[in-house]
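Colleague: Here is my input, please return the structure:
(chains A, B and C)
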Amino acid sequence: MKFLLFLTAAALTAAPPIVIQNATVLTVTKGSFKGSVVIQDGKIKEVGEKVMIPPGAQIIDASGQYLMPGIIDAHSHIAADSINEGSVSVSSMVGIEDVLDPEAISIYRALAGGVTTVNVLHGSANAIGGKCQVIKTRWGKDREGILFEGAKPGIKFALGENPKRQGMSSGTRAGGGQQYLRYPGTRMGVEDVIRQAFNDAKIYQAEWKSFNERKGRGENPIPPKRDLKLDALVEVLEGKRLVHAHCYRADEILMLLRVADEFGFKIKTLQHVLEGYKVAKEIKEHGAGASTFSDWWAYKVEAFDAIPYNAAIMVKKGVLVSLNSDSGELMRRLNTEAGKTMKYGGLTETEALSLITINPAKQLDLDNRIGSIEPGKDADLVIYDKHPLSSFAKVQKVLIDGSVYFERDRDITDRQLREQRKKQLLEKEKQNQPQQKKNAAPGRRPA
Amino acid sequence: MKLYSFFLAASLIAGTDDTFVMKGVTVHPVTGPDVENASLLVIDGKIAEIGDAKLKTPKTTKVIEAKGLHVYPGMIDSATEIGMSEIGSVRETSDVSELGDYKPQLRAAIAVNPASEHIPVIRANGITAALAVPDGGVIAGQASLMHLDGWTWEEMAIRIDAAMHLRFPVISTGSFFSRTSYPEAKRNYENRLKSLSDYFEQARRYQKAKAAAGPGFKTDLALEAMQPVLSKKVPIMISASRERAIKEAVAWADKESVRVVLAQVRRPGSALALLKEKNIPVILGPTQELPLEEDDPYDEAFTVPVEVHKAGVKFAFGSFGNQFSRNLPYQAATAVAFGLPYEEALKSVTLYPAQIWGVDDRMGAIEKGKDADFIVTDGDPLEVKTNVKRMFIRGREVDLESKHTKLYKKYLARP
Amino acid sequence: MLKHLSGLVCLAALALSPGNAETPEVIAIRNAKIVTVSGPVIPKGAIVVRNGLIEAVGESVTPPADAWIIDGAGLTVYPGLIDSLSTLGLPDAAPMGAPSATGRRGGGPPTATPSGPPTPPARGPEDRPSNTSYLLAADQLSATDRRIEAARNAGFTSAVAFPNRNIFSGQGAVINLAGERPGNMVVQSPTGQFLTMRSAGFNAGYPGSLMGVIAYIRQIYLDAAQYKAAKEIYNAQPSGNRRPDYDKHLEGVLASPRILLPAGNPKEIERMLRFGAELKQDTILYGLHEGYRAAALIKQHNGKVLVDLRWPEKSRDADPDQIDSLRALEARDKAASTPAELKKAGVPFALYAGALSQPSDISKAVKKAIDAGLSFDDALRALTLSPAEIFGVSNRLGSIDKGKIANLVVTNGDLFQERTKIKYVLVDGIKYEPSPEQPAAPSEATR
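Modeller: Predicted structure coming up:
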């Protein structure tokens, strides 16, 4: 019965090797051709126009269909029970890893849109936000089962309107209570918060170093306090935690790059980065990646200079660019979002596909595992009925680690079973209703 | 001719006239089969002829060579905030929602800013006309069909009173934050519905009083604005999303004997048969949406147009905003991927909206005698990759530059 | 004598006054069926109660001469029921609703006492928000809480009562449900720290999200460990060391023998089991309405759980056209099978009345669990010996054994049956006769 609840709770296990045949294979990194892909033990074993079919292999015929690497969404907020710890300007003590929801339907929906890897980010209410978690959309698995094993930890930063919002007086608070302003209220303050936090982190780092040295000398000093907030920042300073920074305007983008230079760490990706096209040169020099929208604009002041050519300009200026969704809806059609860059700025097919595959893989330091169809990589693959950059393409099958996690045909069968099960339960409940009514007693209230 | 003469200035491409022949194009009339290697003759802003390569035209007629390109009717977005709002989060830039519950006298057209940055941005993707819809309260005001070109809102206006927008009351038990019990929600709903019917009754009594022209009759601007609705000259655009609300809205409209266009239809269910029976067209919201309920199929929103089409109900698309209006063709395309016949998708952004808004004598298809509102593309306009190369509104070429293309050029050139 | 005891009119009055002075010190119940729970059922035997303790129990026990005799013919004696999670005796506690394990507000109002000038929102764990870890239920008890009598009427003679208003709510106590003064009631204290996952909500200070709550609890435990170490080092060597600040919030945590964490569905169960292990504290989960899906997982973690008897039901004032999700329907259908599934998996569990107060509602709820596969014996155990074991008081409560506290329920039939009436309840050897079922809030006149 469980499969009814979870659509496809148990994905087919990948015991025998799998060969996907007769597909138009879009490898992203090694060109496109009509051919096959051999999968063994969850990994891509062989890719080519002609391949050796291992004995006992399960054959998936993909005639007339298109095979591409699983899509990677570098910026999402799905599959978590909370997103924003908005009470503080630095919330690096919190982490998405603590609140993952492996049963969130958004995972299945993303999967059905060809997304196999997702960077689940903290919200943008704070200059320094919480820790992120990379997951795979292994629908039906538990928390452990959806974690992207071995993915480098990350952290969210945010600049501009969102982190300063609570520092701007908006008159009386709803409900009539006193309004407490939270520092910062300007972009100057946002910089200050980040610099102060890293200054604190350096002092904290030194305190522990001194404590450990004294311990090493055989002394028994009182240990300093562990501070979860600063622990995460020390990891950033030590290059162990990737920074993904939400930003819009060119000025704030440049500011963050300079703060990072000052404290000696790197910004791994600039997120949204809608005015990245204005400072592409500086972004490239710092070595930051850029993860942007295809065509969002004008929803707030800092998005008024956003242009759909942003991705293309940055690509042309040598920045490592990806497209993200920031939305449980949009993430289901990142393929056509990528297609838009062919119109807005004239990117090639491969460049467009890279924006949602190999480039975000690099931005997560996971390009040794995912992002292209190459031997040795995880068998995270999507089969489309038409070219994935077309408006008319639809996902047919999705494999993760060589296991089929989504099949459109099975989805259609499952939805009927689910409907039946629902009817059955509603009927049962209806029959038990009169008895339940009698049961209804007002809840106990304390005296 | 004279009427349109200021359009010359409106277009950045100087010297274009509204008489020309475009050669070498594939014409997609939408109402009939495609014509390859066609010559499209436009005279005085109207389509005069769709001929083959050998079409004879006066020597003086300007020839536009467009070999290999495609001609489609300009697309129409059937619900937007075009020109009425600039930056979503900044209240000062929005003129969409007025105070009060009953404001039939309000007219969207007069709040359409012809200099809005959104207009060229939307135009660039092949949209030549859009319905500007006021919102807020119960009767929000008159929605106006606008051309996406013109020096003033007057020049842009196609039909100022294209529809009267009514947000039909719903039984709402509240959101995540606040909950109302069903009986209470139902009472609220019934009160609101009664006040709506009372308002129509008032408008009718006003009509009679006016006809009687008795002593003491005073003009009432709001009730005056209701008269074209009562006489069915202007359709009432009713926003109602789900089956129950749609059924109730249709029953109510029947009782009031008004002409209806249903908007934001999302979960029509068994109400579709009713819409078919009453011949009520619908304006669908974006297809690219999440399913409404957890248990819905993942493609639930993608297939709404398919369902509506199968029921034989006429439909068009509206973006119900500004930001994503340029993605109108892709809303239709997504439905194609999930089962909508391609021809229907194309009509739903061209011919059908023209029919629904009562302007199909002038626009919505490439046909002899219609306004020359069309786009020239390098492919299927429903495909994301396709570029719109040129646009003509009433035969005048319209500039496809926008804030976005200007910033693109400027910063691409940054050393 | 016997006549006096069965004089209904007179007794009803006596029963309503707890700790009635006329009750004899020695009571013997003879010719009764005795369900000991710890051993086999005695079809016909006697129990002697002296000085609040069980002096003897068995088939061949002869009542002593000084005993008040109750003829138990046709009656059954059970150990008094234990409500394993409650706020009985704590009138300031929040109503015991369904626990919120997702960080949203639920299970009553958040941190209360809005009197006095508004305090600025907490800006970090250092402000110790929502922390009354030092509160002892035993210090907060009110012997006159009217709900105590209602609970006794339902057969409860003990409860594990917890303050419940904060993230760190404070320490519970095992109490007996009768006593003239609070001090009479306490059986064991402290018995564990009650934790909620209740965040302050948006814009109301730290922690404002579920992940904030988790990070906060984690930081408090780190602080407590450092506090303990610092105190030890300081006490050994005050000279030359800076003295650590006293912190009652950490004292309360350090004094907690175990913690109680909320968990309803498998995601929360997994999360909280892992969290308890991380905090290195003996952990009890409470709530568990979807425990039927996670019995094996709980077993694997050697978890102990308290199951809320108020099974989920369809909301009464919902829109009739609104169909609940399959997930919610399944949960409503299967919640009551949780105890049976836990039993099958070998998980120690107890039941608690939660928001139920009417004896008939509690019986029906237990009956529902029995109908869903739990044996009568296991249901009884989950309300007697199991909670005593889980809270470490099985050497004094939970079964009918010589030497244990004389908490007994005497019925005219099997417990949890609709027709069965509770004839007497003994708490600490003092006999009470339940008054007829009353509306939830008894009026002054009935006192």
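
Colleague: domains in the chain, as residue ranges please.
Modeller: You didn't pick a chain, so chain A it is. A:1-70+A:371-408, A:71-170+A:179-370 (automatic domain parsing).

Colleague: my bad, the chain I had in mind was chain C
Modeller: Looking at automatic domain parsing, the domains of chain C come to C:1-80+C:398-435, C:81-314+C:325-396.

Colleague: Adding mean neighbour count and mean pLDDT, write those domains out as JSON lines.
Modeller: For every residue, glycine as well, the C-beta is placed using N, CA and C. Listed next are these as JSON lines, based on neighbours: other Cβ atoms under 10 Å in any protein chain shown; pLDDT from 0 to 100:
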{"stretch": "domain C:1-80+C:398-435", "mean neighbour count": "18", "mean pLDDT": "85"}
{"stretch": "domain C:81-314+C:325-396", "mean neighbour count": "21", "mean pLDDT": "92"}
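
Colleague: Run through the residues that contact residue C:365.
Modeller: Neighbouring residues of residue C:365 by Cβ atoms under 8 Å, 6 or more residues apart in numbering or on different chains: C:309-311, C:336, C:353, C:356.

Colleague: Next: residue C:419.
Modeller: Contacts of residue C:419 (Cβ under 8 Å, 6+ apart): residue C:413.

Colleague: helix/strand/coil for it?
Modeller: coil (DSSP: H, G, I helix; E, B strand; the rest coil).

Colleague: now do residue C:170
Modeller: Here residue C:170 is recorded as strand under three-state DSSP.

Colleague: Next up, phi/psi of the nearest residue to it once chain neighbours are set aside, please.
Modeller: Leaving aside its chain neighbours, residue C:170 sits nearest to residue C:135 (2.9 Å; criterion: Cβ to Cβ, 6 or more residues apart in numbering or on different chains). Main-chain torsions, residue C:135, degrees, to the nearest 10: phi -70, psi 140.

Colleague: repeat for the one 4 residues further on
Modeller: Note on residue C:139: its backbone torsions stand at phi -80, psi -20 [degrees, to the nearest 10].

Colleague: show me the residues around residue B:119 that make contact.
Modeller: B:82-83, B:148-149.

Colleague: Let me have the domains of chain A in a markdown table, adding distance to chain B as columns.
Modeller: What follows is the domains of chain A, written out as a markdown table (distance: least, Cβ to the nearest Cβ, whole Å):
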| stretch | distance to chain B |
| --- | --- |
| domain A:1-70+A:371-408 | 4 |
| domain A:71-170+A:179-370 | 4 |
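
Colleague: For the longest strand seen in chain B, name the packing helices and strands.
Modeller: Assignment by DSSP state E gives strand B:157-167 as the longest strand of chain B. In this structure, strand B:157-167 packs against strand B:127-132, strand B:139-147, helix B:221-230, strand B:236-239, with contacts taken as 3 or more Cβ pairs under 8 Å, 6 or more residues apart in numbering or on different chains; DSSP states H and E.

Colleague: Out of the domains of chain A, flag the one nearest residue C:160.
Modeller: domain A:71-170+A:179-370 (27.6 Å; Cβ to Cβ).

Colleague: Just want the angle from the longest strand of chain B to helix B:221-230.
Modeller: Strand B:157-167 and helix B:221-230 are oriented at 100 degrees to each other (axes from the mean of the first three to the mean of the last three Cα atoms, to 10 degrees).

Colleague: And residue A:10, what's its pLDDT?
Modeller: As predicted, residue A:10 sits at a pLDDT of 43.

Colleague: where exactly do the helices run in the stretch 301-415 of chain B?
Modeller: Under the criterion DSSP state H, counting those that start in this stretch, the stretch 301-415 of chain B contains helices at B:304-310, B:328-337, B:342-348, B:351-356, B:403-412.

Colleague: any idea which of those helices is most buried?
Modeller: Of these, the one with the most neighbours on average (mean count of other Cβ atoms under 10 Å in any protein chain shown) is helix B:328-337, at a mean of 27.

Colleague: who touches that helix?
Modeller: A:333, A:336, A:386, A:391-394, B:75, B:77, B:125-127, B:284, B:286-288, B:302-306, B:317, B:319, B:340, B:342, B:345-346, B:348-349, B:381-384.

Colleague: quick one: average confidence on that helix?
Modeller: Here the average pLDDT along helix B:328-337 is 98.

Colleague: what does stretch A:337-348 give?
Modeller: Stretch A:337-348 comes out at a mean pLDDT of 98.

Colleague: quick one: terminal-to-terminal distance for that stretch?
Modeller: Taking Cα to Cα, to the nearest Å, the span from the opening residue of stretch A:337-348 to its closing residue is 14 Å.

Colleague: And stretch A:224-231, by the same measure?
Modeller: Distance between the two ends of stretch A:224-231: 12 Å, counting by Cα to Cα.

Colleague: Tell me the residues of the stretch 201-350 of chain B that contact chain A?
Modeller: Taking Cβ under 8 Å from any Cβ of the partner chain as the measure of proximity, the stretch 201-350 of chain B contacts chain A at B:288-291, B:294-295, B:297-299, B:322-324, B:326-327, B:329-330, B:333-334, B:336-338.

Colleague: and residue A:341, what element?
Modeller: helix A:334-343 (DSSP states H and E).

Colleague: Can you mark which positions in the next helix-or-strand element following that helix are buried?
Modeller: Next in sequence after helix A:334-343, counting helices and strands by DSSP H and E, comes helix A:349-354. Buried residues in helix A:349-354, defined by neighbour count with 16 or more other Cβ atoms under 10 Å in any protein chain shown: A:349, A:351-354.

Colleague: circling back: is chain C contacted by the next helix-or-strand element following the longest strand of chain B?
Modeller: As assigned by DSSP H and E, the chain's next helix or strand after strand B:157-167 is helix B:182-212. Yes - Helix B:182-212 lies within reach of chain C by Cβ under 8 Å from any Cβ, at B:182-185.

Colleague: Kindly reformat those as JSON lines and extend each row with distance to chain A, pLDDT and neighbour count.
Modeller: Below are the residues of helix B:182-212 next to chain C laid out as JSON lines (distance: Cβ to the nearest Cβ, whole Å; pLDDT from 0 to 100; neighbours: other Cβ atoms under 10 Å in any protein chain shown):
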{"residue": "B:182", "distance to chain A": "16", "pLDDT": "92", "neighbour count": "18"}
{"residue": "B:183", "distance to chain A": "16", "pLDDT": "92", "neighbour count": "10"}
{"residue": "B:184", "distance to chain A": "18", "pLDDT": "92", "neighbour count": "14"}
{"residue": "B:185", "distance to chain A": "20", "pLDDT": "93", "neighbour count": "18"}
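
Colleague: who's in contact with the residue nearest the centre of chain A?
Modeller: Nearest to the geometric centre of chain A sits residue A:119, at 2.0 Å (Cα atoms, centre = their mean). Residues near residue A:119 by Cβ under 8 Å, 6+ apart: A:72-76, A:132-134, A:154, A:244, A:360, A:364.

Colleague: OK, contacts around the residue in chain B that chain C sits nearest to?
Modeller: Here chain B gets closest to chain C at one residue, residue B:181, 3.5 Å apart by Cβ to the nearest Cβ. By Cβ under 8 Å, 6+ apart, the contact set of residue B:181 is B:173, C:317.

Colleague: Could you report the pLDDT at it?
Modeller: 89.

Colleague: circling back: which among the residues of the stretch 201-350 of chain B next to chain A end up buried?
Modeller: B:288, B:290-291, B:295, B:297-299, B:322-324, B:326-327, B:329-330, B:333-334, B:336-338.

Colleague: which intervals of the stretch 251-400 of chain B have sub-threshold pLDDT?
Modeller: Along the stretch 251-400 of chain B, segments meeting pLDDT under 70 are nowhere present.

Colleague: Pairing partners for the residue nearest to the centre of chain A in the sheet, please.
Modeller: residue A:134 (DSSP bridges).
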